[in-house]
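Novice: Below: sequence and its predicted model.
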Amino acid sequence: MSSVLTATRRPTLRDEAVRTLVRRFSELTDDSLRELLTDLAARARATLAEQDVAEEDQRIVYSVDLRYHGQGFEIPVPVDLDTFDGNGSGVAELRAAFDAEHQRLFSFVLEAEQELVTARATAHGPKPEVAAPELEAGDKDPVHALRTHSSIWVEGAEMTAGIYDRALLRAGNVVTGPAIVTEMDSTTLVLPGHAATVHRSGSLLIRPVDHPDSRES
């Protein structure tokens with residue numbers, strides 16, 4: 001038997017702005033690449049701002065996809081925008097980083113010129129705040145969640161089972177079988193001789209009425 005445990009969380013906010021262009025490193029400058037990445041960052045930031053994420057709560061990550069001129073595949077390389085001082089340091093850092101990654105992946109480097117294919121800036125919002133749910137406390141009697149009774153067949157015998165609405169159950173309620181606990185996307189059968197105790201998380205702990213062990217549904 002299965003149980004769905006839900007948690008209240010603030011959604012993770014993320015947006016990526018990407019531009020594909022093919023430029024040899026000899027055609028790039030620190031200033032031109034910084035301007036491109038800054039423009040992409042502004043686009044990504046704007047999307048998060050529309051979701052009420054303050055700029056100071058945003059984190060921007062830059063990367064570029066590079067290859068040797070004439071190659072048919074690219075390697076992603078992270079970008080440290082602070083190295084772009086206008087004197088070529090940023091482009092030089094990317095060249096060295098790409099050669100090092102190519103050496104790591106393929107055990108060689110080429111004499112061919114490096115080439116930029118794609119640039120991207122990714123804006124990240126705050127980390128999600130996850131809180132475990134906790135049901136309202138109740139006593140053992142689940143009568144407030146009882147909706148109706150229905151005939152069911154268990155091991156060839158017909159018997160009457162209580163039908164309970166799971167959304168109305170409270171922590172500490174005990175549903176004694178035979179019973180069926182219903183929810184939007186599933187049902188849980190509590191067999192005769194068993195009882196389901198509602199945990200404060202909303203899970204159902206089902207065990208034989210005369211056995212100390214329990215299992216989570």
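Specialist: Arrived safely, thanks for sending.
Novice: The least confident helix or strand in the chain by mean pLDDT: what's the following helix or strand?
Specialist: Ranking every helix and strand in the chain by mean pLDDT, DSSP states H and E puts strand 8-9 at the bottom, with a mean of 36. Later in the chain than strand 8-9, the nearest helix or strand by DSSP states H and E is strand 14-24.
Novice: Show me what that next one is in contact with.
Specialist: Outside strand 14-24, the residues that touch it by Cβ atoms under 8 Å, 6 or more residues apart in numbering are 36, 40-41, 43-44, 47-48, 69, 113-125. C-beta: built from backbone N, CA, C; applies to glycine.
Novice: Next, the buried residues of it.
Specialist: Judged by neighbour count using 16 or more other Cβ atoms under 10 Å, the buried positions of strand 14-24 are 15, 17.
Novice: now swap in stretch 70-85 and tell me
Specialist: Buried positions in stretch 70-85, judged by neighbour count with 16+ other Cβ under 10 Å: 74, 75, 77, 79, 84.
Novice: where in the protein is pLDDT low?
Specialist: For the chain, applying pLDDT under 70 flags the ranges 1-12, 128-130, 211-217.
Novice: Which residue ranges of it form strands?
Specialist: For the chain, the strands defined by DSSP state E occupy 8-9, 14-24, 59-68, 75-79, 114-124, 130-131, 146-154, 157-165, 174-176, 179-182, 187-190, 194-198, 204-208, 215-216.
Novice: Which one, of those strands, ends up nearest to residue 106?
Specialist: Closest to residue 106 of the strands of the chain is strand 75-79 (Cβ to Cβ; 9.5 Å).
Novice: Name the residues linked to the residue of the chain positioned farthest from its centre by a beta bridge.
Specialist: Distance from the C-alpha centroid of the chain, by Cα atoms, centre = their mean, peaks at residue 157 (45.6 Å). Using DSSP bridges, the beta-bridge partners of residue 157 come out as residue 154.
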